[in-house]
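Visitor: what follows is a predicted protein model with its sequence.
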Amino acid sequence: MNTITFYIIISILVVFSGILSYITYNLLRKVENYEDVVQDQVQYLQNISNALGEGQKHLQNLDQKGVFQSDDEVGYYFEQLKYVQDELNRYMLPENYGKEEKQS
C-alpha cells in the first residue's frame, strides 16, 4: 500500500472523528439543557400540586367544622368553591411524579 494513500485515509478518519466528536458534544450539551428545563418544570408542577393539596385540606377542614351553612349566599359560594377545588384536584400530580426511578 502506498504511503500517500495511507496518510490520506488517516487524515480523512481524523477529520471524520473530529466532526463526530463535535456533533456528539453539541448534542450532549443540548440534552443536558433540556434535562434542566424538565427538572424546573417538574418542580413548578409539584409546587402547583402541593398548593392544590393544601387548598383541598383547608376546604375539607372548613367543611367538617360546618363553618358555612348551605342555606345562605355564603354557603352557596362555599359549595361552588368546593366544586372548583374538586375540578382542580383532577390535575394533582402523583407523589412519585418527576422522581427518578431506581434501576435494578
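Guide: Thanks, I have it.
Visitor: residue ranges in this structure under the pLDDT threshold?
Guide: Within the chain, the segments meeting pLDDT under 70 span 1, 67-71, 101-104.
Visitor: count of residues packed around Q46?
Guide: 15 (other CB atoms under 10 Å). Any C-beta I mention is one placed from the backbone N, CA and C, and that applies to glycine too.
Visitor: for it, give me its contacts.
Guide: By CB atoms under 8 Å, 6 or more residues apart in numbering, Q46 lies in contact with L93, Y97, G98.
Visitor: may I have the phi/psi pair for it?
Guide: phi -70, psi -40 (degrees, to the nearest 10).
Visitor: following whichever strand or helix holds N47, which helix or strand shows up next?
Guide: Applying DSSP states H and E as the criterion places N47 in helix 3-65. Helices and strands here follow DSSP H and E; after helix 3-65, the next one along the chain is helix 73-89.
Visitor: and that next one, how far out from the chain's middle?
Guide: Put simply, helix 73-89 sits 28 Å off its chain's centre (CA atoms, centre = their mean, to the nearest Å).
Visitor: related to what we said a few turns ago, narrow the contacts of Q46 to those in helices?
Guide: In helices, judged by DSSP state H, none of the contacts of Q46 are found.
Visitor: ok, so of those, who is nearest G66?
Guide: Nearest to G66, judged by CB to CB, of these is L93 at 30.8 Å.
Visitor: check contacts around the closest one.
Guide: Residues counted as contacts of L93 (CB under 8 Å, 6+ apart) are L45, Q46, S49.
Visitor: kindly recompute the last result at 6 Å.
Guide: L45, S49 (CB atoms under 6 Å, 6 or more residues apart in numbering).
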